[in-house]
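Q: coordinates only, sequence not included:
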């Protein structure tokens, strides 16, 4: 009951999804569609469960008075407001939309934009030409960065015309170099990674369907 | 000799055929060589009609499709079609797919050509056809075979590994650091933070990461170093709790397991990043593991981790995020190395064996590329055609 | 309402940016609010755009005899409900059922699709230029090779890159001798790939920052004027 | 001095980045933009569609990526509405719903496009892969109604549209791996033509598909948005922002160069 049935379910759904993709027959098509929409239905339940555990975690923090426990009330305030408005009145409700647009969206975007700062600090600290490999990384990064904005070409072209080399060396160096790097060495490295990773994905899917890989059962009996 | 004769025959026939069809086209605009067949590899919902591309001099601008159900009168299907609608570049034929059919009836077709001047000429009626649903998509045979072959390689390698033979796995830089990181956290009396990324439980990277987490948990159980795991996916949360509990049980330290250390934050990407960042700054973990599937939040986590001076060991198969981990972390497992690391640490025959099976897969791709390059250069391109035609 | 919205958004934006200096109560407030709001938003959407239209509607139509074909949704609903077994320590193991279904389903879909889109297509993409090398095209009455020398160089480099990178990912052999050489070249390709991906990312991230600054400068600061005008 | 530079507090870098954005924004400067091939291809593909064709527009991004993708969506919508190409919009991102509907309404108002005749916004359904696959058989099977709850069968524009067979192109505006999913499931299984507009980070991930022809065209990041605005002939935020972008890139390049000079100077001093 605890192990055999899950393994059997996993095998069943895995095999069904493979076979139906190889058969154009209407019966197979309709099974395929049913399973797909069924999987859509299962998802939301897990989120509700996770929210319950989140609430438990914060109630715990408040009861034990762990450091900064007061902020747990802020979590509840946000959660309850959204649910109390959104569940009965739907996501089109103007207050819900207002909260989303003026509270969630700006924080989401701001959190994401922190990356601009972090990229600069990471580049400054880590891009040091310590070894051949590090130099390759650094130089390509700089070329692509310059090739990505119009100013890169602008500088290149004016340098060329200043030194009078524009008859020998072609214009728009940075952006064409960027294009070539992304198209060629970058693409081949990515292909190498993709091929390896895809083999890993397939091999794991096979192991899961055949019941060889069982770690998702979480150990125990 | 025999060979030559056949060649001659083919040449003669082709010339004759081309000549007659050319004559036809110039003589009248009626479509030639009209054939209706049950569309192969479909669910029996269409019939395909093909006919020759008209000569450029024919003046044909479009076609009407007429069909007859079970021998009844012919009637026009839909609007008039332009040449662009019907010409199929790949086969260089005109093609029309009738999807308005039922599997129970038989159909006959007439193609009606319309010229610039509005002249209309009918082709001869096709033989009657009916549509059937196919059980197996023949175009997918290569895909099916490749799948079986690879499955066999994986399963075979796993059984080979299980039979007790030693399986070699090359050194993976960064793995030695796992013990060092745990040791340092213990010495400093600080916690270890383990982030599994945003992947769902069916992601390979997440499963590999959970396996590594299981191994890390075994070591922390002995030292009683707190292991904090903030989760992003509700299902992953539940699986991870079970796994870590099992690790502590296996080490004989069920008392040291604290379920509150493994918790859900939120499914939202950046709210999760904000939460984990806050944890890092406040709890100052001595070691941070970032293993699994990551998106843009990777550098937010890794830079904050770096700023508090923690040892960071990262690993992901999301290739877009690898550069950031390489820049901001002390050690990074690249792509498939993450899967290999889980096998390396867990030393489980199943994982080691399938790693070997994957190497066979790589060797096969290797061979395919080398062979393909040679064949393509000599003008034979059946490998690329085969790979392209698999749908 | 709009004005209040801009001010709330600007306040929260600045709260988050304050993290760049150091952890502080403002950031902690924003962080916790963010977590709470995002979880709430996720729940609302899952219910209104997932559960209600996909599960509840067909189920309701089935039990009110409008459209009995919808009755099959009972099966996925039952599997979904099993997640709540987690709340009872004795029945925790029941949660494995829905997890097993989701994992099996995901794996089954993945195998043929990953094989075709990633392995078949990427191999073909690598080979394709070689087919064109022997071809010629007509241009202004002359026949010229279909690929320029530079493109041929690119295609050859591509094959070398793919093979060397793949070699780096061989795990069941010791990396020495020629394999070591190949995998070293593979690492070089990887580094160039990472460098270019890094450089490329800068553009996107900076754009995000520009958008936020644009908001603070042109929406928020501009609203000072509106307030000022309405008071005086 | 060099050792100080080598171990400079990251907060100084943060200040420099902030200044590099704020100063050029105050004094708007404009630099020329040339059009890259993938952007041109996408533009041409849509430009060559006959009036009355239908494209699908997937807003697969959350608010966190609107800086790069909103200008693209805006330029695309302007092009379609101007040409009389119908737009079926949808999103695979829960977060994208409000954002996309606001933007579409805004552009539609500007261009006098009518909901239900020139465009439809289907809204969001969870489970990305399943949604993509489901629409291959029947769009109404996944989205029974549009976002406002109107059944698809009652929308004039959707009268003849059953599934991907009636869609001439899908443009995926994406901040994550959704183009992969569209290609794997919609292009491979249903032969839907696909173009994409992606954030800067996704560009290199898209190149393999561009090379294999699985993508008909691609707009990349804020630069792609600026290019497309140029092609459509309506310069807006994309054009303005790409200029500010230039200054920040120069700053990062400069920082890396200074960092390396300081590093080597510091090292050689320690050695002697």
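A: Structure received. Remember, it's a predicted structure, so these values are computed and weren't measured experimentally.
Q: pLDDT wise, what is the residue in the stretch 1-150 of chain D that chain C sits nearest to at?
A: The stretch 1-150 of chain D approaches chain C most closely through residue D:67 (3.3 Å), counting by C-beta to the nearest C-beta. Backbone N, C-alpha and C define where each C-beta goes, glycine included. In this model, residue D:67 is scored at 83, pLDDT.
Q: does residue C:203 really touch residue D:224, like I thought?
A: No - in this structure residue C:203 lies outside contact range of residue D:224 using C-beta atoms under 8 Å: 9.7 Å.
Q: So for those two, which residue has more residues nearby?
A: The neighbour count for residue C:203 versus residue D:224, taken as other C-beta atoms under 10 Å in any protein chain shown, is higher for residue D:224 (31 against 27).
Q: Flag every residue of the stretch 101-250 of chain B that's near chain D.
A: Nowhere does the stretch 101-250 of chain B come near chain D, counting by C-beta under 8 Å from any C-beta of the partner chain.
Q: make it 10 Å
A: When proximity is defined as C-beta under 10 Å from any C-beta of the partner chain, the stretch 101-250 of chain B approaches chain D at residue B:198.
Q: just to revisit the earlier point, apart from its neighbours in sequence, what residue is nearest the residue of the stretch 1-150 of chain D closest to chain C?
A: Take residue D:67 and drop its neighbours on the chain: the residue closest to it by C-beta to C-beta, 6 or more residues apart in numbering or on different chains is residue C:211, 3.3 Å away.
Q: Could you do residue A:118 as well?
A: residue B:303 (4.0 Å).
Q: How about the contacts made by the one you found?
A: A:114-115, A:117-119, A:121-122, A:125, B:277, B:324, B:327-329, D:10 (C-beta atoms under 10 Å, 6 or more residues apart in numbering or on different chains).
Q: Remind me which helix or strand it belongs to.
A: helix B:297-307 (DSSP states H and E).
Q: Pick the one among the contacts of residue B:303 closest to chain C.
A: Nearest to chain C, judged by C-beta to the nearest C-beta, of these is residue A:115 at 4.1 Å.
Q: The closest one: neighbouring residues, count only.
A: 27.
Q: what's the distance between it and residue D:65?
A: Using C-beta to C-beta, to the nearest Å, we find residue A:115 at a distance of 11 Å from residue D:65.
Q: helices or strands up against the biggest helix by length in chain D?
A: As assigned by DSSP state H, the longest helix anywhere in chain D is helix D:237-271. With contacts taken as 3 or more C-beta pairs under 10 Å, 6 or more residues apart in numbering or on different chains; DSSP states H and E, helix D:237-271 sits against helix A:105-126, helix A:132-147, helix A:150-163, helix C:178-214, helix D:2-6, helix D:10-26, helix D:66-83, helix D:221-232.
Q: In contact with the residue of the stretch 1-150 of chain D closest to chain C, which residues are there?
A: A:109, A:112-113, C:204-212, C:214-215, D:199, D:221-222, D:225, D:237-238, D:241.
Q: wait, what's in contact with residue D:255?
A: For residue D:255, the contact set (C-beta under 10 Å, 6+ apart) comprises A:120-121, A:123-125, A:127, D:8, D:13, D:16-17.
Q: Now narrow those to whatever sits close to chain C.
A: Answer for these near chain C (C-beta under 10 Å from any C-beta): A:120-121, A:123, A:127, D:17.
Q: what residue ranges in the chain score low on pLDDT?
A: Since no chain was named, I'll use chain A. Low-confidence segments of chain A (pLDDT under 70): A:219-221.
Q: Chain D was what I was after
A: If you take pLDDT under 70 as the line, chain D has these spans: D:1, D:64, D:204, D:272.
Q: who in it is up against chain B?
A: D:9-11, D:50, D:62-65, D:94-95, D:162, D:165, D:175-177, D:188-191, D:199, D:201-205, D:212-213.
Q: Would you show me how to pick out the buried ones of those in PyMOL?
A: Burial among the residues of chain D next to chain B is assessed by 16 or more other C-beta atoms under 10 Å in any protein chain shown; the matching PyMOL selection reads:
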select buried, chain D and resi 10+62+63+64+65+94+95+162+175+176+177+188+189+190+199+201+202+203+204+205+212
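Q: filter the residues of chain D next to chain B down to the ones close to chain C.
A: Within the residues of chain D next to chain B, those near chain C by C-beta under 10 Å from any C-beta are D:10-11, D:63-65, D:94-95, D:175, D:188-189, D:199, D:201-205, D:212-213.
Q: so where do the helices sit in the chain?
A: I'll assume chain A. Using DSSP H, helices in chain A cover A:4-22, A:26-64, A:71-89, A:94-99, A:105-126, A:132-147, A:150-163, A:173-183, A:185-209.
Q: Hmm, no, I was thinking of chain C.
A: Going by DSSP H, chain C shows helices at C:2-17, C:25-45, C:57-63, C:74-81, C:96-114, C:121-133, C:149-168, C:178-214, C:221-231.
Q: coming back round to it: so the residue nearest to residue A:118 versus residue B:324, what's the distance?
A: Counting by C-beta to C-beta - residue B:303 and residue B:324 are separated by 8 Å.
Q: Does stretch A:144-151 reach chain B?
A: No - applying C-beta under 10 Å from any C-beta, one finds stretch A:144-151 separated from chain B by no less than 10.9 Å.
Q: Start and end of that stretch, how far apart?
A: 12 Å (C-alpha to C-alpha, to the nearest Å).
Q: likewise stretch B:183-193?
A: For stretch B:183-193, the end-to-end distance is 14 Å (C-alpha to C-alpha).
Q: List the buried residues for it?
A: Neighbour count says stretch B:183-193 has B:183-186, B:190-193 buried, by 16+ other C-beta under 10 Å.
Q: go on, stretch B:49-61?
A: So, applying 16+ other C-beta under 10 Å, buried residues of stretch B:49-61: B:49-54, B:58, B:60.
Q: swap in stretch D:117-128?
A: D:118-128.
Q: could you dump the residues you listed to CSV with secondary structure and distance to chain C?
A: Shown next, in CSV, are the buried residues of stretch D:117-128 (DSSP: H, G, I helix; E, B strand; the rest coil; distance: C-beta to the nearest C-beta, whole Å):
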residue, secondary structure, distance to chain C
D:118, coil, 24
D:119, strand, 20
D:120, strand, 17
D:121, strand, 13
D:122, strand, 11
D:123, strand, 7
D:124, strand, 5
D:125, coil, 6
D:126, coil, 4
D:127, coil, 8
D:128, helix, 12
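Q: Which one of those is nearest to residue B:310?
A: Ranked by distance to residue B:310 (C-beta to C-beta), the buried residues of stretch D:117-128 are led by residue D:128 at 34.0 Å.
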